[in-house]
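> Have a look at this prediction, sequence included:
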There are 2 protein chains.
Amino acid sequence: MTDNLQWPTNDRTEAPLQVAMLLYPGLTLLDLVGPQAALSMHSKIHLVWKTRGAVTADTGIRIEPSATFDDCPQQLDILFVPGGFGTAAVMQDAEALAFLRDRGATAKYVTSVCSGSLILAAAGLLQGYKATSHWSALDMLAALGVEVVKARVVTDRNRVSGGGVTAGIDFGLTLLAKLRGEHAAKLSQLALEYDPAPPFDAGSPESAGPEITAEALAFVAAAIREASAVIAPQAVAV
Amino acid sequence: MTDNLQWPTNDRTEAPLQVAMLLYPGLTLLDLVGPQAALSMHSKIHLVWKTRGAVTADTGIRIEPSATFDDCPQQLDILFVPGGFGTAAVMQDAEALAFLRDRGATAKYVTSVCSGSLILAAAGLLQGYKATSHWSALDMLAALGVEVVKARVVTDRNRVSGGGVTAGIDFGLTLLAKLRGEHAAKLSQLALEYDPAPPFDAGSPESAGPEITAEALAFVAAAIREASAVIAPQAVAV
C-alpha cells in the first residue's frame, strides 16, 4: 500500500502486522473498513485482488487494490475476507480460492466478517472449525460443513470470524488484542471513539422483530439465492 | 455514482436521497463508510472532490470520487463532511470551502462526523449552531465559534454532527430516521447487524483512562497542531 504522509509515524519496536484483505466486486465496504480502522495503527494493510484496477463495492464505491494475488506477501499475520452482495461469484472463482488456500495455509490468522466466512468455507478453510457470519447467512455456512456459532466474534484456534457488517469493528479490536495485547486494542478503541450508542434496538432479528426481519431478508434474497446455488454442489465436493 | 448490478433494486415510492459526501486527501475512511452504509438503501451517494482521480485516505487506501464540485447535484438532501488527518489542509482550501458554502446554503441537512465539523466551521456553516466532533477536537471546534456539545450525535435545526469515527454509524441511522422514518432506520440497522459488543470499555477518554488518552493524543498531536494553526487566524475572520 502507498505510504501516506498524513498518517502519523509510530515509533514501534515491533514490525507492522502484515494484513491481506481481499477485495472483490460487490464487497460490502464497511465489512472491510471497520477491521481496517481497528488494525491500522499496527498494520501494513494490503488490499488484494486480481489486478490493480479499481474494484466496485456493492453500493457502487470504487476502491483501488494495493496488491495482486501474485505480489501480495507470502507470509501473513492476518488473511481477511469481507462479505457482500458479490459473495457468490467469489465462491466460484478458482483464482481467488487458490489465493486464499495458498496464503491461508501459512497465515497466522485466517479471518472473515459477514458473508466472508462463506468464501473461506468455499475455499475449504473453515471445515472442522467453529465460525459465524451475517445472521442471514448462518444456514448457508452450516450447509458448507462449518460448525456455526451465532455470536459477534467467534475464535477457534487460528480462525476468527465476525458477524454481519458492523461486527467487523468488534472483530478487529478482538484480533488486535490477540496480536498486540489489550492495551493496543484499547488505544485503537479510543482513537475510533468506539463507544456505540445505537439510536434504536434493532440490530438483531430478535430485537428488530419479524416484520423488519422479513423485509431485510427480502432485500438480500437474491444474494442468498445465488450463494445457495453455489453451496449445493460444493457441500458435497468439500 | 456508477450503478451497480449487485445492489438490490429497491421498489420504493420515494426518490432516493441525494447525498454528497466530501472526499479529500487524508480523510478517515470509516468516518465516511459508516454513514454511507447506514444511508445506502435509501440514497444516491455522490463522493465529491475536485477531480475524478482517486483520493488517498489517511491510512493509504485509495478511493475514487464519483462527482466533482462542478457536476455534483445542486440540491442536496444531505451534505456530509468526514474527518481525518487531512482536515487542516481542507480548512484552508478555498475551492473546497466555496463548494461547501454553496451546497450548504440549500441542502436539507448540513452534516459531519469526527473532525469534519472543523471543516464545516471553517466554511462558516456551524457558527451559531450546536455541534460535536472527535473528543480530541472539541476545543478546536469551540475556538471556531461553535457551541460545542459532547455527545454521540448532535442535532441543531438542520445541522447534524457525529462524534469520532465510529459515531458515524449512530449518526447515519439517526439521520435516516429523520428523513425516512424509524422503520427505515431499524431496517438498515438490522441489515448492518448493528448490535455492538465492544470487547473493551475504552471508547471515551473517561473509560480509557489518562494513560491511554495521553497516548491517543500523542498519536493525533501533529494533526491537532496543524488544525490549531489554521484556527487562530480563522476564528477572527469568521
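That came through fine.
> what comes up buried for the helix of greatest length in chain A?
When chain A is scanned for its longest helix (criterion: DSSP state H), the result is helix A:221-237. For helix A:221-237, the buried set under the neighbour-count rule, 16 or more other C-beta atoms under 10 Å in any protein chain shown, comprises A:223, A:224, A:226, A:227, A:230, A:231, A:234. Every C-beta, even on glycine, is put in place using the N, C-alpha and C of the backbone.
> what's the closest of those to chain B?
When these are compared for distance to chain B (C-beta to the nearest C-beta), residue A:223 wins out at 7.6 Å.
> Quick check: closest non-adjacent residue to that closest one.
Ranked by C-beta to C-beta, 6 or more residues apart in numbering or on different chains and with sequence neighbours excluded, the top spatial neighbour of residue A:223 is residue A:85, at 4.9 Å.
> Which parts of chain A are strands?
Taking DSSP state E as the criterion, chain A carries its strands at A:17-22, A:43-49, A:55-56, A:62-63, A:67-68, A:78-81, A:109-113, A:130-131, A:147-148, A:153-156, A:159-162.
> tell me the phi and psi of the spatially closest residue to residue A:40 that is not a sequence neighbour?
Once flanking residues are discounted, residue A:40 sits nearest to residue B:59: 4.6 Å by C-beta to C-beta, 6+ apart. Torsion angles at residue B:59 (phi, psi; degrees, to the nearest 10) stand at phi -100, psi 10.
> count of neighbours near residue B:59?
Other residues near residue B:59 number 23, with proximity taken as other C-beta atoms under 10 Å in any protein chain shown.
> what sits against residue A:42?
Taking C-beta atoms under 8 Å, 6 or more residues apart in numbering or on different chains as the criterion, residue A:42 is in contact with A:10, A:12, A:14, A:16, A:17, A:176, A:179, A:180, A:184, A:188.
> actually residue A:209, not the one I typed
Contacts were defined as C-beta under 8 Å, 6+ apart; by that measure residue A:209 touches residue A:202.
> For the worst-scoring helix or strand of chain A on mean pLDDT, which outside residues touch it?
Scoring the helices and strands of chain A by mean pLDDT, DSSP states H and E places helix A:221-237 at the bottom, with a mean of 80. Applying C-beta under 8 Å, 6+ apart, the set of residues contacting helix A:221-237 from outside is A:85, A:87-89, A:91-92, A:115, A:118, A:122, A:136-137, A:140, A:143-145, A:217, B:6, B:8.
> Just the buried ones from the residues you listed?
Using 16+ other C-beta under 10 Å as the burial test, those include A:85, A:87-89, A:91, A:115, A:118, A:122, A:136-137, A:140, A:143-145, B:6 as buried.
> circling back: for the buried residues of helix A:221-237, work out which two are farthest apart.
Greatest spacing in the buried residues of helix A:221-237, by C-beta to C-beta: A:223 and A:234 (16.2 Å).
> quick one: the helices in chain A?
A:29-39, A:87-91, A:94-104, A:116-122, A:138-143, A:167-180, A:182-191, A:205-208, A:210-219, A:221-237.
> Identify whichever of those helices lies nearest to residue B:23.
Evaluated over these, closeness to residue B:23 peaks at helix A:29-39, with 13.5 Å, by C-beta to C-beta.
> packing partners for that closest one?
Here helix A:29-39 is seen to pack against strand A:17-22, strand A:43-49, strand A:78-81, strand A:109-113, helix A:167-180, helix A:182-191, helix B:29-39 when contacts are counted using 3 or more C-beta pairs under 8 Å, 6 or more residues apart in numbering or on different chains; DSSP states H and E.
> got the angle between that helix and strand A:17-22?
With axes from the mean of the first three to the mean of the last three C-alpha atoms, to 10 degrees defining the directions, helix A:29-39 sits at 180 degrees from strand A:17-22.
> now helix A:29-39 against helix B:167-180, angle please.
Calculated by the same axes, to 10 degrees, helix A:29-39 forms an angle of 150 degrees with helix B:167-180.
> Okay, buried residues for helix A:29-39 please.
Of the residues in helix A:29-39, those with enough neighbours to count as buried (16+ other C-beta under 10 Å) are A:29, A:30, A:31, A:32, A:33, A:34, A:35, A:36, A:37, A:38, A:39.
> ok so, going back, can I get the helices of chain A in CSV with distance to residue B:155?
Supplementary listing: those in CSV, determined by distance: least, C-beta to C-beta, whole Å:
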stretch, distance to residue B:155
helix A:29-39, 23
helix A:87-91, 36
helix A:94-104, 43
helix A:116-122, 35
helix A:138-143, 36
helix A:167-180, 24
helix A:182-191, 25
helix A:205-208, 24
helix A:210-219, 24
helix A:221-237, 34
